[in-house]
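Q: next comes the sequence, and after it the predicted model I'd like to discuss.
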Amino acid sequence: MNKSTSPGSRKRNSSSSKQSSTPPKASKKSYASLSNETSPKANAPITETAANEAPTASTSPLPTLLQIEAEKLTRDLPAFVRAAWPILEPVTPLLWNWHLDLICDYLTLIKEARFKDVCGAHCEGIIFNVPPRTMKSLLITVMFPAWLWTSDPARRWMFASYAEKLSTQHSVYRRNIMRSPWYQERWGHVVRFSRDQNQKTQYENTARGSMLATAMGALATGFGGDVLVFDDPLVERI
């Protein structure tokens, strides 16, 4: 009696046993999909790759301290003059005065092509009258052109003085600054001297900028410049 069962009971037992041993196919698919989406192991490589690639895609090289300094000096003529001073005067200290700031303000207007806007459209130039030995020539004739080439190397210059010897000396001073290690470290990629035109009184750079030094009354036919500088054009005769 204990072993006998009805057919209906056997059928229900068989069906019940089958369901408990193997889950439905739909359940397998749902479980597989869930495991792929939420498993930490599946997400770990993706997160790690994104973390490794993100800095490479968004990070750009930072400027060096030398580049930052060069950019600052390019915009600031008084700072450039102070930094370049030891190249020409390694022993004599620079004593700065207010008149140098004023001259630098006007020279900066010339560099930025705002001189006529500020001083008047009728103004073709400016005359600086200051006592001797107050740094007029070194600032205007030597430092200013070397500074302007750091941002505009294609600018062409012509310099004239009452004596060719003085004009040549200023020309050598300018070139000494621009060929110095201090200058080349900061703007060597901007100012490169041309090999076929590099003399004491006339030199060019690879951007077609040029500097020509001459004397009043000397022949300058065929030459010109974007900026003309006359340093002591007249000499007092006693």
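A: Here it is on my side, so go on.

Q: C-alpha only now, for contacts and for neighbours.
A: OK.

Q: mind giving me the domain ranges of the chain?
A: For the chain, automatic domain parsing gives the domain ranges 21-58, 65-231.

Q: what ranges does the chain have for its helices?
A: Residue ranges of the helices in the chain, as given by DSSP state H, are 7-21, 25-38, 40-58, 65-75, 77-88, 98-111, 115-119, 136-137, 144-148, 164-179, 181-187.

Q: now stretch 149-161 - C-alpha only, CSV.
A: Provided in CSV are the C-alpha atoms of stretch 149-161 (Å, rounded to 0.1, in the frame of the first residue of the first chain):
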residue,chain,number,x,y,z
TRP,A,149,62.5,91.5,-32.0
THR,A,150,61.4,89.0,-29.3
SER,A,151,57.8,89.4,-30.5
ASP,A,152,58.2,90.9,-34.0
PRO,A,153,61.5,89.6,-35.5
ALA,A,154,60.4,90.8,-39.0
ARG,A,155,60.6,94.4,-38.0
ARG,A,156,63.2,96.4,-40.0
TRP,A,157,65.3,99.1,-38.4
MET,A,158,67.6,101.9,-39.5
PHE,A,159,69.9,103.8,-37.0
ALA,A,160,71.9,106.9,-37.6
SER,A,161,74.2,109.0,-35.4
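
Q: so which residues make contact with it?
A: The contact list for stretch 149-161, computed with CA atoms under 8 Å, 6 or more residues apart in numbering, reads 74, 141, 145, 167, 187, 190-191, 205, 207-216, 224-234.

Q: so for it, mean pLDDT?
A: Per-residue pLDDT values over stretch 149-161 give a mean of 95.

Q: how far off centre is stretch 215-228?
A: 33 Å (CA atoms, centre = their mean, to the nearest Å).

Q: what about residue 165, distance to residue 90?
A: Taken as CA to CA, to the nearest Å, the spacing of residue 165 relative to residue 90 amounts to 23 Å.

Q: how about residue 148: what's its closest non-neighbour residue?
A: What sits nearest to residue 148 in space, not counting adjacent residues and going by CA to CA, 6 or more residues apart in numbering, is residue 111, at 6.7 Å.

Q: any idea how many residues pack against the one you found?
A: Residue neighbour count, defined by other CA atoms under 10 Å, stands at 18 for residue 111.

Q: could you do residue 103 as well?
A: Around residue 103 sit 15 other residues, with neighbours defined as other CA under 10 Å.

Q: who are the contact partners of it?
A: Residue 103 makes contact with residue 128 under the criterion CA under 8 Å, 6+ apart.

Q: could you do residue 107 as well?
A: For residue 107, the contact set (CA under 8 Å, 6+ apart) comprises 140, 144.

Q: likewise residue 210?
A: Shown in contact with residue 210 (CA under 8 Å, 6+ apart): 154, 155, 156, 157, 202, 203, 204.

Q: same thing with residue 59?
A: Contacts of residue 59 (CA under 8 Å, 6+ apart): none.

Q: oh, and call the first residue 48 from now on, that's how I've got it
A: Renumbered: residue one is now 48, and that last one reads residue 106.

Q: how about low-confidence regions in this structure?
A: Across the chain, residues meeting the criterion (pLDDT under 70) sit at 48-105, 266-269, 283-285.

Q: grab the most central residue of it for me.
A: Centrality entry for the chain: nearest residue to the mean C-alpha point is residue 118, 5.3 Å, by CA atoms, centre = their mean.
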